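Novice: Structure here, sequence nowhere to be found:
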């Protein structure tokens, strides 16, 4: 059982896989990522493939875009020496965020067998549109937190004042990406990913935003705007799924309001504290590799972000720190979506 990170770039990941492969077969290797042990993450497959009402609209014809957010209120705590060599992109994207993306975007597997599921996840990573070096400036954003205040914590210092972090560190503590998947299901549909430390709230969620309904029917009514439907899969801190849609407000005349149907795991199935490792260690002892990364997926994940690592390594970031602790990141992250006429979901 091998804990992440699986290398620090594409070349080191290949070297690590080759070294392990000299003494172990792939069926003996369990690359563990605790996110895949969380019940809500595993439930994405059941939600999609066991319910006939969602999968028919899970495509480019009905979905406008997808947002994946992994936000933390904590800083680097006692991990300054490691984190200052890694940064948010290496630490979170090729593992945690790409696991969530692949589960949301993958095609139905032939079975829930380990290889069948991991084959489809690998296909998604392989279908991610390569980000050219010139595109990095328009599709990737990096940030570093400065001093600020977080409601749950109080005043906090900036990243460069953290223990074992250099006073002029250029390491990012925030990253946002725009990725495109070149296949028939997702062509032209952007996937926006963001992760950062010292955010206002700890939250991990996947927001599926559907395309707006045609407005023509409502043009002679008091309804002046049709908000899009949204499906929200919350993974942390609470585990839940909610669906937002429009409904008529009671009373004379036609007025519309947004309502949400919420399903919370704790309400239906009870709750028990878990990190995800319990499930994964149990699966490893039973020889079930479904929830573990395979060598090809590890390398495919690194290959997606390698051009970003190359550009960021060659260019010194300007204006670090560029967001205050307790905020939702640098303004460039908002601009990433604003250029497409979209905005980040407010994580309340």
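Specialist: All right, it came through fine. Since the model is a prediction, treat every value here as computed from it, not as a measurement.
Novice: what's the first-to-last distance across stretch 162-172?
Specialist: Using C-alpha to C-alpha, to the nearest Å, the end-to-end distance of stretch 162-172 comes out at 13 Å.
Novice: That one: which residues count as buried?
Specialist: Buried residues in stretch 162-172, counted by 16 or more other C-beta atoms under 10 Å: 162, 165, 169, 170, 171, 172. Backbone N, C-alpha and C define where each C-beta goes, glycine included.
Novice: which residues touch that stretch?
Specialist: Applying C-beta atoms under 8 Å, 6 or more residues apart in numbering, the contact partners of stretch 162-172 are 75-76, 78, 80-81, 83-89, 142-144, 159-160, 312, 316-317, 320.
Novice: What segments of the stretch 151-300 of the chain are helices?
Specialist: Taking DSSP state H, counting those that start in this stretch, the helices of the stretch 151-300 of the chain run over residues 265-269, 277-285, 295-314.
Novice: Would you mind finding the most buried of those?
Specialist: Across those, averaging neighbours per residue (mean count of other C-beta atoms under 10 Å) puts helix 295-314 on top, at a mean of 20.
Novice: What's the mean pLDDT across that one?
Specialist: Across helix 295-314, pLDDT averages out at 96.
Novice: Would you mind pulling the contact partners of that helix?
Specialist: For helix 295-314, using C-beta under 8 Å, 6+ apart, the contacting residues are 6-7, 9-10, 13-14, 17, 21, 26, 29, 31, 89-90, 93-95, 98, 102, 118, 121-122, 125-126, 128, 130-133, 136-137, 140, 142, 172, 177, 179.
Novice: one more time with 6 Å
Specialist: 6, 9-10, 13-14, 17, 93-94, 98, 122, 125-126, 128, 131, 133, 136, 140 (C-beta atoms under 6 Å, 6 or more residues apart in numbering).
Novice: What about those residues, which are in strands?
Specialist: Using DSSP state E, the members of the contacts of helix 295-314 that fall in strands are residue 140.
Novice: Just the buried residues out of the contacts of helix 295-314, in ChimeraX syntax.
Specialist: A single ChimeraX command selects the buried members of the contacts of helix 295-314 (16+ other C-beta under 10 Å):
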select :6,9,10,13,14,17,93,94,98,122,125,128,131,136,140
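Novice: Quick check: helices, which of the contacts of helix 295-314 are part of them?
Specialist: Counting by DSSP state H, these place 10, 13, 14, 17, 98, 122, 125, 126, 136 in helices.
Novice: can you give me the helices for the stretch 1-150 of the chain?
Specialist: Taking DSSP H, counting those that start in this stretch as the test, the helices found in the stretch 1-150 of the chain are 10-21, 39-49, 80-92, 98-105, 114-127, 136-139.
Novice: Name the stretch among those helices that sits most buried.
Specialist: Of all the helices of the stretch 1-150 of the chain, helix 98-105 carries the top mean neighbour count, a mean of 23, counting by mean count of other C-beta under 10 Å.
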